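Novice: dropping the sequence and predicted coords here.
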Amino acid sequence: MHRLLGEGSDCGDERMVELLPTALAVLAVALIGTALVAMTVGNLQAAGFCFLGASLVIYFRETRYGARAA
């Protein structure tokens with residue numbers, strides 16, 4: 001039963017630690033892509049908010065999880 005819940009696994013904790021920073025990086029890339037599309041169609045307000053959101057996600061990722069990788 002413990003094996004099914006992930007307890008006692010050697011790599012379970014390391015995978016979970018990497019999941020959130022990776023998800024934040026994917027979110028930042030998606031926001032930047034959305035901002036570029038918004039700029040292309042002329043919606044500069046949406047592009048600005050997407051760039052701002054991407055900047056905040058990158059800042060949060062680097063300040064919260066950057067020290068663990070080093």
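Specialist: Ah, there it is.
Novice: looks like L31 contacts F49 (just checking).
Specialist: No - in this structure L31 lies outside contact range of F49 using CB atoms under 8 Å: 9.0 Å. For every residue, glycine as well, the C-beta is placed using N, CA and C.
Novice: among these two, which residue is more densely surrounded?
Specialist: Legend: neighbour count by other CB atoms under 10 Å for L31 and F49, higher for L31 (20 against 15).
Novice: give me the neighbour count for the residue nearest to that one when sequence neighbours are not counted.
Specialist: Leaving aside its chain neighbours, L31 sits nearest to A54 (3.8 Å; criterion: CB to CB, 6 or more residues apart in numbering). Using other CB under 10 Å, A54 has 19 neighbouring residues.
Novice: list the residues that contact A54.
Specialist: 28, 31-32, 35 (CB atoms under 8 Å, 6 or more residues apart in numbering).
Novice: ok, now T34?
Specialist: With CB under 8 Å, 6+ apart, T34 has these contacts: 46, 50.
Novice: host element of it?
Specialist: Using DSSP states H and E, T34 maps to helix 12-41.
Novice: on that earlier part again, could you say which helix or strand holds the residue nearest to L31?
Specialist: With secondary structure defined by DSSP H and E, A54 is part of helix 44-69.
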